[in-house]
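Engineer: Would you be able to build a 3D model of this:
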Amino acid sequence: MSKIARETTGQIISFVGLCLAAVTCGIPFWRVTSFIGANIVSGQIIWDGLWMRCVMQSTGQMQCSLTNNVLSLSQDLQAARALVIICLVVGLIGFIVSFVGAKCTSCLKTDQGSAIAVISAGVLIILSAILILIPVCWSAAITISDFASPTLTQTQKREIGASIYIGWASAGILLIGGIVLTTSCPPRRNFYPNYTAPSMYPYAPATYAPVYAPPSSRPYTSSGSYVPNKPYVAPATYSPRQFI
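Structural biologist: This next block holds a predicted model:
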């Protein structure tokens, strides 16, 4: 898979995770409480969320009220409200940074700068996955412990809502998207940034003067023909005794 395909895949997965995190933050299904009175007519279902509380009667009527006072929420929901908002902000920043350093855009001139930007975006996406995972697991643990507590009555016991499951799915998808972005394009480092190759000849070449000078200082002139000077004269005739 090419770098552009991996970056695009990571961006799509991260966007889906951010959308699920926004749904987790918005819908009031963190806790569900079912109460049935003496008859089914008096039964009602209570949904608790980060921003509102909804009550649905057995007749089908639903009433929702916004939670304006933060102190009216439990400690886990108060922390969840802050952590989920931080998760969305960090994830959105990472998503934007991934487009800045993407291979298909020309925002950054160098390949190393683009790689660092994409890896930073992946780290931010992974951080947003951790931020959404903490409040979801915290709220689920408190809900389960309250449900198993023998000191609470049946009407006070609550169950895990759909927001918890959506939050778990969002954390997993964001984690996958962040890992894909982080491993999509590792930076290419120059291991020898200040290294210069030595010259083949580190020393200046030596100059050689002629070691032979002609005995005569007169310039050489060509006569057109060359006849070597012999120190002897060949005999005109040879006697047979020389070969016996």
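Engineer: What ranges does the chain have for its helices?
Structural biologist: Here the chain has its helices, by DSSP state H, at 3-26, 75-100, 111-148, 162-182.
Engineer: between those helices, which one is nearest to Gln61?
Structural biologist: Gln61 lies closest to helix 162-182 among the helices of the chain, at 20.7 Å (Cβ to Cβ). (C-beta placed from N, C-alpha, C; glycine too.)
Engineer: Now for Ser145, how many residues are close by?
Structural biologist: 9 (other Cβ atoms under 10 Å).
Engineer: Tell me the spacing between it and Arg158.
Structural biologist: Separation of Ser145 from Arg158 (Cβ to Cβ, to the nearest Å): 11 Å.
Engineer: okay if I get the helices of the chain as CSV plus mean pLDDT?
Structural biologist: Conversion of the helices of the chain to CSV gives the following (pLDDT from 0 to 100):
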stretch, mean pLDDT
helix 3-26, 89
helix 75-100, 91
helix 111-148, 88
helix 162-182, 93
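Engineer: Minimum distance to Thr33: which of these has it?
Structural biologist: That would be helix 111-148 among the helices of the chain, by Cβ to Cβ, at 10.1 Å.
Engineer: And the helices of the chain: which comes nearest Asp48?
Structural biologist: Between these, helix 75-100 lies closest to Asp48; by Cβ to Cβ that is 7.3 Å.
Engineer: what's that closest one packed up against?
Structural biologist: Taking 3 or more Cβ pairs under 8 Å, 6 or more residues apart in numbering; DSSP states H and E as contact, the helices and strands that helix 75-100 lies on are helix 3-26, helix 111-148, helix 162-182.
Engineer: coming back round to it: among the helices of the chain, which is the most enclosed?
Structural biologist: helix 162-182 (a mean of 22; mean count of other Cβ atoms under 10 Å).
Engineer: that older thread, how about the helices of the chain in TSV, adding distance to Thr59?
Structural biologist: Formatted as TSV, the helices of the chain follow (distance: least, Cβ to Cβ, whole Å):
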stretch	distance to Thr59
helix 3-26	26
helix 75-100	28
helix 111-148	27
helix 162-182	23
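Engineer: Out of those, which gets nearest to Ser58?
Structural biologist: Of the helices of the chain, nearest to Ser58 by Cβ to Cβ is helix 162-182, at 20.2 Å.
Engineer: The closest one versus helix 3-26: what angle between them?
Structural biologist: Here helix 162-182 runs at an angle of 160 degrees relative to helix 3-26 (axes from the mean of the first three to the mean of the last three Cα atoms, to 10 degrees).
Engineer: Only alpha carbons, please: show helix 162-182 as PDB.
Structural biologist: C-alpha atoms of helix 162-182 as PDB (Å, rounded to 0.1, in the frame of the first residue of the first chain):
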ATOM      1  CA  ALA A 162     -25.700   2.700  24.600                       C
ATOM      2  CA  SER A 163     -23.200   5.700  25.000                       C
ATOM      3  CA  ILE A 164     -20.800   3.400  26.800                       C
ATOM      4  CA  TYR A 165     -20.700   0.900  24.000                       C
ATOM      5  CA  ILE A 166     -20.400   3.600  21.400                       C
ATOM      6  CA  GLY A 167     -17.500   5.200  23.400                       C
ATOM      7  CA  TRP A 168     -15.700   1.900  23.400                       C
ATOM      8  CA  ALA A 169     -16.100   1.500  19.700                       C
ATOM      9  CA  SER A 170     -14.900   5.100  19.200                       C
ATOM     10  CA  ALA A 171     -11.800   4.500  21.300                       C
ATOM     11  CA  GLY A 172     -10.900   1.400  19.300                       C
ATOM     12  CA  ILE A 173     -11.400   3.100  15.900                       C
ATOM     13  CA  LEU A 174      -9.500   6.200  16.900                       C
ATOM     14  CA  LEU A 175      -6.600   4.000  18.200                       C
ATOM     15  CA  ILE A 176      -6.500   2.100  14.800                       C
ATOM     16  CA  GLY A 177      -6.600   5.400  12.900                       C
ATOM     17  CA  GLY A 178      -3.800   6.900  14.900                       C
ATOM     18  CA  ILE A 179      -1.600   3.800  14.500                       C
ATOM     19  CA  VAL A 180      -2.200   3.900  10.700                       C
ATOM     20  CA  LEU A 181      -1.200   7.500  10.500                       C
ATOM     21  CA  THR A 182       1.800   7.100  12.700                       C
END
